[in-house]
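S.K.: everything below, folded, please.
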Amino acid sequence: MLEPQKIKIFLEICPDEKTADIAFSLVEKVTAVVVKIIGKDGFNALYARSLSLTVPTFPWLAVSVMTLQDDDMLVLLKNSFVAQPPAAIRVASSLLLITFSDILCQLVGDQLTARILHDAFGGEIVEAVLGERRES
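M.R.: A predicted model of the protein is given here:
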């Protein structure tokens, strides 16, 4: 399970000018792995639910919800991030990823969710975001 403080710390250490790209990259990596497992429709359903729970706090993400069925949904999210200040991107992307992983965990369990996130983030990001150590 993603720990909110660890995601926040990871995003806080990235330079302001790279915050949008790094935050988007995290979402993109999770997307790629989850789509392989549950398909695009399954991912879209989880993503839509995650956004609907995140939008009350960050209304600027709402455009992504309204056009979710577009193939450009990740482009819309990236554009949403680029239009915001780094501090807002950090908090919104953290909440979005945490919400997404919590929903995924409820559906498939802790172990599979941890494995999916490990596959999505890998290496350095796993250590920074998930707090896991690489096995030797």
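
S.K.: for this protein, which element, helix or strand, carries the lowest mean pLDDT?
M.R.: When the helices and strands of the chain are scored by mean pLDDT, DSSP states H and E, helix 123-125 comes last with a mean of 55.

S.K.: what packs against the top helix by length along the chain?
M.R.: Criterion DSSP state H: the longest helix present in the chain is helix 19-54. Applying 3 or more CB pairs under 8 Å, 6 or more residues apart in numbering; DSSP states H and E, one finds that helix 19-54 makes contact with helix 4-12, helix 62-66, helix 73-82, helix 86-108, helix 110-121. Backbone N, C-alpha and C define where each C-beta goes, glycine included.

S.K.: try 6 Å
M.R.: helix 73-82, helix 86-108, helix 110-121 (3 or more CB pairs under 6 Å, 6 or more residues apart in numbering; DSSP states H and E).

S.K.: give me the buried positions along the last one.
M.R.: Pointing back at helix 110-121 there. Taking 16 or more other CB atoms under 10 Å as the neighbour-count basis, helix 110-121 is seen to contain the buried residues 113-114, 116-117, 119-121.

S.K.: next, count neighbours for Asp41.
M.R.: By other CB atoms under 10 Å, the residues close to Asp41 number 10.
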